[in-house]
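Student: Task: produce atomic coordinates for the following.
(2 chains)
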Protein chains: 2
Amino acid sequence: MSPVGRRIVVASNRGPVSFGREASGRVVTTRGAGGLVTAVSDGLAATGGLWIAAAMSEDDRSQAGRTIQVDAGGRGYQVRLLPFDPPDYEGYYDGISNRILWFLHHALWDVPRAPTFEGLAEAWQGYLTVNEAFARALEEEGRSPPGEAVYLVQDYHLALVPALLRERLPRAAIAHFSHIPFAGPTGLRILPQPIREALLAGMLGADVVGFQAPAWAENFLLGCRTLQGTRVDLRRRVVRWGGRVVRVRVHPISIDPAGLREEAAAEPAEAAARDILEWLGDRRLLVRVDRAELSKNILRGFLAYERFLEGNPEWLGRISFLALLNPSRQHLPEYRAYTQEAIELADRINSRVGRADWEPIRLSLMDDHPRALAAYRLYDVLLVNPVFDGMNLVAKEGPVLNERDGVLILSENAGASAELGRHAIAVNPFDVEATGRAIATALEMGPAERRRRARGLRSAVARNPIDAWVRAQVEDLERMGR
Amino acid sequence: MSPVGRRIVVASNRGPVSFGREASGRVVTTRGAGGLVTAVSDGLAATGGLWIAAAMSEDDRSQAGRTIQVDAGGRGYQVRLLPFDPPDYEGYYDGISNRILWFLHHALWDVPRAPTFEGLAEAWQGYLTVNEAFARALEEEGRSPPGEAVYLVQDYHLALVPALLRERLPRAAIAHFSHIPFAGPTGLRILPQPIREALLAGMLGADVVGFQAPAWAENFLLGCRTLQGTRVDLRRRVVRWGGRVVRVRVHPISIDPAGLREEAAAEPAEAAARDILEWLGDRRLLVRVDRAELSKNILRGFLAYERFLEGNPEWLGRISFLALLNPSRQHLPEYRAYTQEAIELADRINSRVGRADWEPIRLSLMDDHPRALAAYRLYDVLLVNPVFDGMNLVAKEGPVLNERDGVLILSENAGASAELGRHAIAVNPFDVEATGRAIATALEMGPAERRRRARGLRSAVARNPIDAWVRAQVEDLERMGR
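Tutor: Sure thing, here's the model as predicted:
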């Protein structure tokens, strides 16, 4: 059976469409962007597939009964949004997914003080309820035609779904894929044992458990070794568990260069580019584009830039740093505090070394996609220095759009470094001095080497076509006889 | 060759003696206490061995030329203190050992913000210099009689010594032992790669690398898998590296119950016991004894007690919590801030639920060993809840001295839990609610079960005699033909 022959059913927290309401009360549909939507839509459309996601707002919930038809390049797929009671969704989404699993897998806790697991039991109940509802919906939707659906379950929000679905459909073809890192065995010990075991066993309900990079696959395997009753082959990446064989695979997700170039050439991005160039003058441009997120390492990025300016005073006034930060999870106090620290640090650096005619750092805190695309086109140096990151698509999108043979500085702890590291300047993201030195190295690099590296980055992205990611997951399942 | 037949040479940062000066200017010698001194002295005395340590103060440095004779139960061993330039020692001790390796292996960093590795290069130079000086001194001192010395190198301060000594004496019998946890593979990625590799390769210079508990041995093996050129057998705990075989072993260190009982029966401890009983009245006693240290989880311990009182109001006024905290590393801002938070949290709880005739928590911040011994004798519940801990000797000393069939609440992340966990109430140290419930369970436990568990704890300690730890390390080396 060829991959396109099977009906694909995707489950993820956030779906490819969301609903809002105009002032008139009319419901409007918004197509989501984001790496997952881009990577999945083609594969879904090819098979007339289905995407099941959570209704995330009141307006989403009002549409939860319908099956929504989404158009993708002339072909279509369906979307179904699952409604949840707000307290259940809150426990599942903020309580467990955002506040525990995200922090755990990115190592973001100040361990002497956090977590304390206040309210864990209720939140876990919500997580269970939502995961069970997904499993139920997948079973229902996958029934016709029977036995043929391929289930692609996405990310840490739905870690229990594979095992819950396996209980209902013992012979189903199920893949789980984590888009974020996976904590190592010591990190996993932070979780209460029943929860740690439920999450591991939940993922092991899949036939194939996928990750963005080898380091995270390895950590998952090491975690499985702590689960009683497993037999783990680290070299072959196989876990034997409950009489079944589970394979662990690495499938780095890609981007759509053609679509991206089209967006970047459109007027909103053109206007943003003119705006940036006016601000920049004849200075060199250092760029970062991130969610305002604790894992993105914004503070150390600013400190490294300050250190670079201190150590290389000849660059004072000859470079500007454009930091485009998309506000994220600002209802969580950790995120508000971190964002505030970033603003204050940028202010401090600007007032310390800035001049009337030179703004060393411009921090922009808004969701401005055209500006990000323009910044990608114009950067001389792109700084991508997360402390830990499942993949990081900025490191792929930037080089594809860049028009200046710009240099990528890339954290060795971003999943993207496995594909792109040798064309980038790799940095240890914790080492502020080394990151500062990397900025100097990038700026002083000769044109031939810049060109060679820029070409290398573009080729590395091109070598991994956007549709390969879904295809590889379906092929994994078929190779296992699923 | 029997273990006692070989001359043992121990290297550690802190030695068994230190020097001070009276007002008159006369130099006075102080014998150190501490688990290592107790565990090592016997073995050293039996072989007329030598202990090499760092001179840690000006007065220590004034004695650095001498070889100091130490009496241990009628037999003796020698001590040599190595002098260092204060900037080298500072880089080695605070810069690398306390501020980087301690934080790394106990997972104490607030990763979005720390570490930043400011000043790392100079500190690392100091660490290298001190480790090299130790290796040189070990080579010199081990020469006569030639080829017979057994080198026992202690802890994270001296991680490079095994490889540096191996370069000088390729056929030497070298063991390294870590008294603290060892970071997992994700934690190790925080270190800059050259430093991570130097530390792993440094320890792999030993024939045997020892740890207090299986989890830390396992983490070291996983770290070695990231070092290019190693072949690691996780099951057999063997690392092949540079044409040599390195074995990884677990040897939990023990305590000296007889010596401890003697101290606890002496007048200073008796006086402290009377003092505690007067304060306590007929209430039940919850005790913790720790250095005021970020890994000891003092804040969550207080929060758990508060949660316990909230959930079990019948215990208000019927229990007191004695927290004996020995000030530690108060020159480091992280430690000052943490200690201050502990004081404020205890104050808050006391003012919230305390009454004129009842102090819910008494926090004592001083080095008062007799009071700790008295508290061990008197507790009904002993709380040992570190986030991560290599071993934790409080969990062994308390039960040996306790006279009330007191219950031990023990973190599952303390090395001691491997030996003692099944006789204790095991807790996930991050889970404040679960720790609060453990306090209730301990207080409500029936006398028969308390007695059974208390006896189990004492037997578990007794089964591991104090001298077994040195003996096992020497036997490991001899079994390898060293």
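
Student: All the helices of the stretch 351-482 of chain A, in order from the start?
Tutor: Residue ranges of the helices in the stretch 351-482 of chain A, as given by DSSP state H, counting those that start in this stretch, are A:369-378, A:394-401, A:417-420, A:432-444, A:447-462, A:468-479.

Student: Which one, of those, ends up nearest to residue B:342?
Tutor: helix A:432-444 (29.7 Å; Cβ to Cβ). To be clear about C-beta, it is placed using only N, CA and C from the backbone, and glycine gets the same treatment.

Student: and that closest one with helix A:447-462, angle?
Tutor: Angle of helix A:432-444 versus helix A:447-462, following axes from the mean of the first three to the mean of the last three Cα atoms, to 10 degrees, is 110 degrees.

Student: same question for helix A:432-444, mean pLDDT?
Tutor: This predicted structure assigns helix A:432-444 an average pLDDT of 98.

Student: can you check stretch A:198-205 too?
Tutor: 98.

Student: mind checking how far it is from the chain centre?
Tutor: Relative to its chain's centre, stretch A:198-205 lies at 21 Å (Cα atoms, centre = their mean, to the nearest Å).

Student: send the alpha carbons of that stretch over as CSV?
Tutor: Extracted in CSV, the C-alpha atoms of stretch A:198-205 (Å, rounded to 0.1, in the frame of the first residue of the first chain):
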residue,chain,number,x,y,z
ALA,A,198,1.9,7.1,32.5
LEU,A,199,3.5,9.4,30.0
LEU,A,200,6.1,6.9,28.9
ALA,A,201,3.6,4.1,28.7
GLY,A,202,1.2,6.4,26.9
MET,A,203,3.7,7.1,24.2
LEU,A,204,4.7,3.5,24.0
GLY,A,205,1.1,2.7,22.9
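
Student: contacting residues for the spatially most central residue of chain A?
Tutor: Nearest to the geometric centre of chain A sits residue A:179, at 5.5 Å (Cα atoms, centre = their mean). For residue A:179, the contacting residues are A:35-36, A:154-155, A:212, A:253, A:390-391, by Cβ atoms under 8 Å, 6 or more residues apart in numbering or on different chains.

Student: Residue A:280: which of these is nearest?
Tutor: residue A:35 (28.2 Å).

Student: For the nearest residue to the closest one once chain neighbours are set aside, grab the count of nearby residues.
Tutor: Ranked by Cβ to Cβ, 6 or more residues apart in numbering or on different chains and with sequence neighbours excluded, the top spatial neighbour of residue A:35 is residue A:393, at 4.9 Å. When neighbours are defined as other Cβ atoms under 10 Å in any protein chain shown, residue A:393 has 22 of them.

Student: coming back round to it: retrieve the pLDDT associated with the residue nearest to the centre of chain A.
Tutor: Value for residue A:179, per-residue pLDDT: 97.

Student: so which strand or helix has residue A:36?
Tutor: helix A:35-47 (DSSP states H and E).

Student: That helix - contacts with which helices or strands?
Tutor: With contacts defined as 3 or more Cβ pairs under 8 Å, 6 or more residues apart in numbering or on different chains; DSSP states H and E, the packing partners of helix A:35-47 are strand A:8-12, strand A:50-54, strand A:68-72, strand A:75-82, helix A:468-479.

Student: quick one, which of those is packed in tightest?
Tutor: strand A:8-12 (a mean of 26; mean count of other Cβ atoms under 10 Å in any protein chain shown).

Student: Would you mind writing the CA trace of it as CSV?
Tutor: Output of strand A:8-12 as CSV, limited to C-alpha atoms (Å, rounded to 0.1, in the frame of the first residue of the first chain):
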residue,chain,number,x,y,z
ILE,A,8,-4.3,9.8,7.5
VAL,A,9,-5.9,11.0,10.7
VAL,A,10,-3.9,13.6,12.6
ALA,A,11,-4.5,14.6,16.2
SER,A,12,-3.0,17.7,17.7
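
Student: Quick check, residue A:413 in contact with residue A:388.
Tutor: Yes - under the criterion of Cβ atoms under 8 Å, residue A:413 makes contact with residue A:388 at 4.8 Å.
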